[in-house]
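# What follows is a predicted protein model with its sequence.
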Amino acid sequence: MQIFAIVLSFALTAVALALVVVAVRRMLSVLRSGQPVSGRTDNPGGRLWTMARETVLHTRMLQWTWVGIAHWFAFAAFLFLSTAVGAAYFQLFDPAWTLPVVGELFVYEWLAEILGLLGTLGIIPLVVYRLRNLPKEKGRSTRFFGSTMWQAFFVEAMVLLESSAILFIRG
C-alpha cells in the first residue's frame, strides 16, 4: 500500500507540475503582450513593501468585511498548511518524519490546528457566497462576472481539502 501511495503521489505531482508550467507560460504570454514598463521601476523597496503588506493583510479584501476576513483565514490556512503537504511527501517514506526545527514545536502544531479550523470555517461561507452570486444567474451585477468558475471552485476545493485534512490528521 505504501508503494501505491508513493507512485500515486508522484504521478499526481507530475500532472500538477505540468499544469503549473502551462498556466505560468500562459500568464507570461499575457504579461508580455502589454506595453513596456515605463515609470514604474522607481522605488522597488517601497513597491515590494506595499505588495507584501497588501498581500499579507488583505487590505483590499477587507473592504468586504466578512468576506475579507473569511478569505484571509482561507488564504493563511492554505499557505501555512502547505508545509504539512510538503511534509507528507517525506512521510510517504517514513511516517514518523517531521519538519526540521519547527515540526515538533507545540506552537507549530497549535497554529496548524487553529488555521486548519479557521480555514475550514472560512472557506465554507465563501463557497456559499460564490454559489449565490453565479454570473450565469446574475449576469454583470455579480463581482464574479468574467471569472473562470471551475478554476475558482477548484481552488476553493483545495483550500477546503487541505484545511479539513489537517483536522482529521490531527484528530
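Structure's in. What do you need?
# Tell me which residues of the helix or strand bottoming out on mean pLDDT in the chain come out buried.
Of all helical and strand segments in the chain, the minimum by mean pLDDT, DSSP states H and E falls on helix 135-138, at a mean of 81. Residues of helix 135-138 include none that count as buried (16 or more other Cβ atoms under 10 Å). Where C-beta positions appear, they are placed from N, C-alpha and C, glycine not excepted.
# how far out from the middle of the chain is that helix?
25 Å (Cα atoms, centre = their mean, to the nearest Å).
# Next secondary structure after it?
helix 149-170 (DSSP states H and E).
# Give the other helices and strands that that next one contacts.
Applying 3 or more Cβ pairs under 8 Å, 6 or more residues apart in numbering; DSSP states H and E, one finds that helix 149-170 contacts helix 66-91, helix 106-132.
# For the residue nearest to the spatial centre of the chain, which non-adjacent residue is closest in space?
Nearest residue to the geometric centre of the chain (Cα atoms, centre = their mean): Phe78, 4.3 Å. Closest residue to Phe78 apart from its sequence neighbours, by Cβ to Cβ, 6 or more residues apart in numbering: Val159 at 4.9 Å.
# Kindly report the same for Ser164.
Nearest to Ser164 is Thr120, by Cβ to Cβ, 6+ apart, at 4.8 Å.
# check contacts around that neighbour.
When contacts are counted by Cβ atoms under 8 Å, 6 or more residues apart in numbering, Thr120 touches 77, 160, 163-164, 167.
# how close does it get to Ile114?
Computed as Cβ to Cβ, to the nearest Å, the Thr120 to Ile114 distance reads 11 Å.
# Any idea how many residues pack against Met1?
5 (other Cβ atoms under 10 Å).
# measure it to Pro95 for me?
Met1 is 12 Å from Pro95, by Cβ to Cβ.
# Now distance to Pro100 too, for the contacts of Thr120, in TSV please.
What follows is the contacts of Thr120, written out as TSV (distance: Cβ to Cβ, whole Å):
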residue	distance to Pro100
Ala77	22
Leu160	29
Ser163	24
Ser164	26
Leu167	24
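# PyMOL command to pick out the buried ones of the residues you listed?
In PyMOL, a selection of the buried entries from the contacts of Thr120 looks like this (16+ other Cβ under 10 Å):
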select buried, resi 77+160+163+164
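# Among the helices and strands packed on helix 149-170, which one carries the weakest average confidence?
Lowest mean pLDDT within the helices and strands packed on helix 149-170: helix 66-91, at a mean of 89.
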